[in-house]
Structure formats: structure tokens, C-alpha cells
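Asks: attaching a predicted model along with its sequence, questions to come.
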Amino acid sequence: MRIEALCTGDELLTGVTTDTNSTWFQERLLQHGEQVARTTVVGDVREEILEALRALSARADVVLVSGGLGPTADDLTAEVAAEAAGARLVLHPAALEALETRFAVRGLTVTENNIKQVMVPEGAEVVLNPAGSAPMFVLRLGKAVLYFVPGVPREYRALVETAVLPRIDALRAERGETGFRALRLLKTVFLPESHLDARVRPLLPTHPHVTFGFRTHFPENHLKLMAEGRTEGEAREALEAADAAARPLLGDHLFGVDHQTMAGVVGQQLLARGETLALAESCTGGRIGDMLTESPGASAYFLGSAVSYADHLKETWVGVAHATLVASGAVSEAVAREMARGARAAAGSTWALSVTGIAGPDGGSAEKPVGTVFIGLDGPDGAEVRAHRFHGDREQVRAASAYAALDWLRLRTRGRHR
């Protein structure tokens, strides 16, 4: 079965908005035994949307169309879908009632342009939106079944999960589809993509039913294993065999699988050990704390962070001695050590991480060039400091610093539980 996706919106073409929906849909679809053959992105232009709908419905069996279902003048998808189907737009009473209820709960009034969101092509199947205003609708056009959903990620995912994927499953059963695919991401850090490829390349001939792919999300590099089989069991068996063969080749660089994050893995290890963490961040500006608190329940192990950017706050907030700052400078091994010790003492935590460095693009010197970063770790066995020289722009230096700090703690807390 050929499945394609069509994403509409000028913001996607210009880069103002990053398309996270397509990656999510691909991952979820693989768990249902299928994959996206192609994703097409067009702007908010009537002719472009119409041309895309006609082309995709002529070659695909299923098309997921997202975006352009809002109340504004540039939201054209429903109108163009009706034109492509040779139908007129009609008001859907149940969708209007749901819209009015949603607005009333929020103390809002339904305006004239909101009515546009509940206008659908006549004859379309309509599914109410549990997370937003515009409903999903389903059309048959050409050889394809087209599912139209809002582009807002929260609404998109709710409708795809509850209404689109079950319909695709039913269509697979109706067509007697037997092939199945299974996907796994093995996530590594500080392992260049070329090195990752070189490590696993010898596995390719011995795992013919698995495709080895690669994805970069600096400073992470992911090994994507996609296995195929006649049944789900065959695909899973091939996937597990490739996974078992690949993991030893990745060594300590492997930190997570699928949706796991570096901060989430560190947090779970701390939680399992009954330990806590505090931070003293300078050049990372609170990034490590932000990464940690993305995980629900982080308060069970993360106590807090002092973003001591200015020198005098390194003294007053985390107890760095004035003499140390004068003698060694803010970016130094001595200051990183005292920052970690001070944060741990102030918080009463099991562990404390500190980061101080020069993220650039200015501020470097011959002795301490841009990218020089000192990371401190204080724990039950005392304080240590590691010096790093990261390369890249300011964003890359800050990201690498945050990951290096968490990765150090990940390796220190791995394997010994309470």
C-alpha cells in the first residue's frame, strides 16, 4: 500500500515553522507495518494545493493532508479539496455544535471566520476534533483515500492516533496486506556519523531483511534499523537480531533507544538509585536544567540550577572564591570545581554538575580559544573537572557542553541501583 503525506503552509516552506508532524507520523506508521513513501510540502497557494491533491490521489492509496483548516484567509485546504472532488462546501452541524461548546467553555464567542473551520466538502466523512476547532474529514479522490487534519501538532497527533491509523489498519486488512515493518532507533552521542556507519557496515550482509539508516541531531547520531517481514513476528525477529549485533559495536556512545532522551536516561538512573542532582551553569545558560525538566516527574531527582553567568553571581550563588576568579579566570578548571562543590553544598544533592566556558563567537584567546569548556562533577567521591575543546558555532558549543555534562553523569551512575 502506497502512503503519502501532503503538508500545506507557507511557514513550512520558509522555515519559520519546523515540520515535526511528518517525522512523528512516519514513526507511528512504521509501528503499524507501513511507511510513508513520499512527503510533499506546498505553500498556501490554491493552484499548488490543487495540483498536489490531484497528483497524489492519482498515485497513492492513502494520503494524509495536514494544515490549512484554520479560520484565516490563507487557510485554503477545505475549499481546494472540495474543488478537487467536484463538491460544494457545506456546514457540518455536529462540528459547529462542538465548536460552539468549545468556545463557550473558554468564554469566547464564535466569530464569522470560525464558521469556516466547520465547512467541509459535501459527502465527506467527518471526525470531530478532540483537541481543537476544525474537524478531520475523509474524501475518496482518484484511487486514494485522503485524510485531512489540522497542522497544529497537538490536534494533528490526536486525530492521527485515534482516527487515521485505525482506518489505515482496517484498510490493510481489507486489502489483505501481509508485509510488516518494524523500526528501532539506537541513539549515540559524540560518535560522528561516518564512524557510526563504519562500525555497523560489516553487519549489512548478515542482516538482509534490515535496512541500516542514519539520522543526525547534533550532538546525537542515530542508527535507524528498519526490518521487514511477511508477518509482524518475522519483522520483529529480524529487528531484534540486528539490534543485538549492533549494540556492542556502539559501546558507551549508545545512550538511548527510540524516544528516550539523554536527560531522561540520566533522570531514570538517578531515580533508580534514589539520588539527586543540582546544577551550576554559566555558558550553557540553563540549558541542562531545561533538558532535565522536559521529563515529567523530574522533581524527584532534580533539585535546581544556578545560572551564574556573571562572575559576582558565581561568588554569591555557588560560593566560588573571589581569589579563584582573579587568579584563574571564570573559564578555568578551578572555577568549574568550586561551582560544582558550591552547588552541591547549597542544594544538599548527591551530585552536582557545573559548566563554564567560551561559547563564542567572541571572547576567545590564544590560551583559551572559543569552544574551551570546563565541566565539573561533584559527588560522593569528591569533585572532578574535565576540560573540553568543542568546535562549531555558539549553538553547537552550548549543545555539546550540555550533552557532555549529562553524559559524564550517565556513565558515572550507570549500573548501580539502590
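Replies: Yep, that arrived. This is a predicted model, so every value here is computed, not measured.

Asks: which residues sit against the helix or strand harbouring residue 272?
Replies: Assigned by DSSP states H and E, residue 272 belongs to helix 262-273. With C-beta atoms under 8 Å, 6 or more residues apart in numbering as the test, helix 262-273 has contacts from 189, 220, 255-256, 276-277, 288, 291-292, 294-295, 297-298, 300-302, 350-351, 403, 406-407, 409-410, 413-414, 416-418. Bear in mind the C-beta positions are built from the backbone N, C-alpha and C, glycine included.

Asks: which among those residues end up buried?
Replies: Among the contacts of helix 262-273, those scoring as buried are 189, 220, 255-256, 276-277, 288, 291-292, 295, 298, 301-302, 350-351, 403, 406-407, 409-410, 413 (criterion: 16 or more other C-beta atoms under 10 Å).

Asks: and the residues you listed, which of them are in strands?
Replies: The members of the buried ones among the contacts of helix 262-273 that map onto strands under DSSP state E are 189, 220, 255, 256, 277, 302, 351.

Asks: adding distance to residue 154 and pLDDT, write the residues you listed out as JSON lines.
Replies: Shown next, in JSON lines, are these (distance: C-beta to C-beta, whole Å; pLDDT from 0 to 100):
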{"residue": "189", "distance to residue 154": "29", "pLDDT": "98"}
{"residue": "220", "distance to residue 154": "25", "pLDDT": "97"}
{"residue": "255", "distance to residue 154": "28", "pLDDT": "98"}
{"residue": "256", "distance to residue 154": "24", "pLDDT": "97"}
{"residue": "277", "distance to residue 154": "30", "pLDDT": "98"}
{"residue": "302", "distance to residue 154": "26", "pLDDT": "98"}
{"residue": "351", "distance to residue 154": "35", "pLDDT": "98"}
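
Asks: which SSE is residue 4 in?
Replies: With elements taken from DSSP H and E, the one containing residue 4 is strand 3-8.

Asks: just the C-alpha atoms of the helix or strand just after that strand, please, in PDB.
Replies: Counting by DSSP H and E, the next helix or strand C-terminal to strand 3-8 is helix 10-14. Extracted in PDB, the C-alpha atoms of helix 10-14 (Å, rounded to 0.1, in the frame of the first residue of the first chain):
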ATOM      1  CA  ASP A  10       4.000  29.000   3.800                       C
ATOM      2  CA  GLU A  11       5.600  28.700   7.200                       C
ATOM      3  CA  LEU A  12       6.900  25.300   6.400                       C
ATOM      4  CA  LEU A  13       8.400  26.400   3.100                       C
ATOM      5  CA  THR A  14      10.100  29.400   4.700                       C
END
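
Asks: mind listing what's buried along helix 10-14?
Replies: The neighbour-count check on helix 10-14 (16+ other C-beta under 10 Å) flags 11, 12, 13 as buried.

Asks: can you show me the helices along the stretch 201-350 of the chain?
Replies: For the stretch 201-350 of the chain, the helices defined by DSSP state H, counting those that start in this stretch cover 232-250, 262-273, 287-293, 311-318, 322-328, 333-347.

Asks: nice, that's everything, thank you.
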